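Engineer: sequence and predicted structure, then a few things I'm wondering about:
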Amino acid sequence: MMRQKAYGSDPLPLTLGSDKYLEGIREQLPIDNRVDKPINLKDIVQFAGLEDNKYKVDLSGRGDYMNYIPLINLLLMLIRQKCFQTVRLNRIIKTGSFLP
């Protein structure tokens, strides 16, 4: 889960033990839109790692419970100043100018 830098970005601060995403476990997470409001991505990752069947969905109707993502709209918490710095830096790199 993004524990290393990728494409120049820092790792994502999400915690999910490696036993939660080994081969064959949580390789696909269906989306079952049960929540109307956006939820923080970090909380969704934690939800997807829960083991209790009350936090899973039975898509087959045969008791084959699997983890899922309970909404379509995720909430990403961003640091405003970092976003502006990144956009400004990218503009400088692309145009060679310090002007907005």
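Structural biologist: Structure received. Numbers count the residues shown, from 1 in each chain.
Engineer: please make it C-alpha for all contacts and neighbour counts, starting now.
Structural biologist: Will do.
Engineer: for the chain, what spans make up the strands?
Structural biologist: Ranges of strands within the chain are 39-40, 57-58, 65-66, 74-75, based on DSSP state E.
Engineer: residues in contact with the second one?
Structural biologist: Surrounding strand 57-58, the residues in contact under the criterion C-alpha atoms under 8 Å, 6 or more residues apart in numbering are 64-68.
Engineer: what segments of the chain are helices?
Structural biologist: Along the chain, the segments classed as helices by DSSP state H run 41-48, 80-95.
Engineer: poorly predicted segments of this protein, please.
Structural biologist: Confidence mapping of the chain against pLDDT under 70 gives the ranges 1-3, 12-14, 78, 83-100.
Engineer: can you do 50?
Structural biologist: For the chain, the stretches with pLDDT under 50 are 1.
Engineer: so who does the residue most central in space within it touch?
Structural biologist: Computing the C-alpha centroid of the chain and ranking residues by C-alpha atoms, centre = their mean puts Leu41 first, at 4.8 Å. Leu41 sits next to 74-76 when contact means C-alpha under 8 Å, 6+ apart.
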